[in-house]
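**Student:** Have a look at this fold, sequence not included:
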């Protein structure tokens with residue numbers, strides 16, 4: 001697996017510009033809320049650690065991962081420097097998993113290509129619940145941390161490009 005031996009929560013704060021002047025939107029899917037809540041906590045805590053003011057972190061909830069694209073699109077209109085889309089899709093017995101994963105990844109890609117505000121993909125697409133737990137604060141760390149670091153870095157890229 002791609003995450004074997006990798007801690008998703010590791011970063012070197014000295015190599016990341018301060019987020020003090022950044023305003024970050026986070027859109028969180030309510031489906032698999034135990035996983036998405038843990039991802040949100042990892043992202044929120046990391047943004048604070050990187051200097052983003054708590055009042056400059058805007059959180060919106062949407063029903064599921066499929067709705068993240070619309071939520072992220074609307075969040076881009078809120079004068080934020082970057083958006084983090086947080087979701088968790090776990091493989092089931094039907095093709096629903098494939099359709100949702102494809103739609104969300106393509107939708108977020110389209111937002112990044114067609115709009116100015118970067119959207120960070122923090123959607124776990126796991127085969128099992130345990131894999132999701134392992135990547136949302138478990139043995140592989142927290143993908144929310146990685147997404148927060150990416151959001152601050154991309155916000156700086158946007159403002160300096």
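**Tutor:** Received, thanks. What you are looking at is a predicted structure, and each value in this text was computed from that prediction instead of being measured.
**Student:** give me phi/psi at residue 33?
**Tutor:** phi -60, psi -30 (degrees, to the nearest 10).
**Student:** Report how many residues lie close to it.
**Tutor:** 13 (other C-beta atoms under 10 Å). From N, CA and C alone the C-beta is placed, and that goes for glycine too.
**Student:** Then residue 109?
**Tutor:** For residue 109, the neighbour count with other C-beta under 10 Å is 13.
**Student:** Kindly report the same for residue 94.
**Tutor:** Neighbour tally, residue 94, other C-beta under 10 Å: 8.
**Student:** The one 10 residues further on now?
**Tutor:** Using other C-beta under 10 Å as the criterion, residue 104 is surrounded by 24 other residues.
**Student:** is it fair to say it lies in a strand?
**Tutor:** No. Counting by DSSP: H, G, I helix; E, B strand; the rest coil, residue 104 falls outside a strand, being helix.
**Student:** quick one: it from residue 31, how far?
**Tutor:** With distances taken as C-beta to C-beta, to the nearest Å, residue 104 is found 12 Å from residue 31.
**Student:** Equivalent analysis for residue 48, please.
**Tutor:** From residue 48 to residue 31 the distance is 26 Å (C-beta to C-beta).
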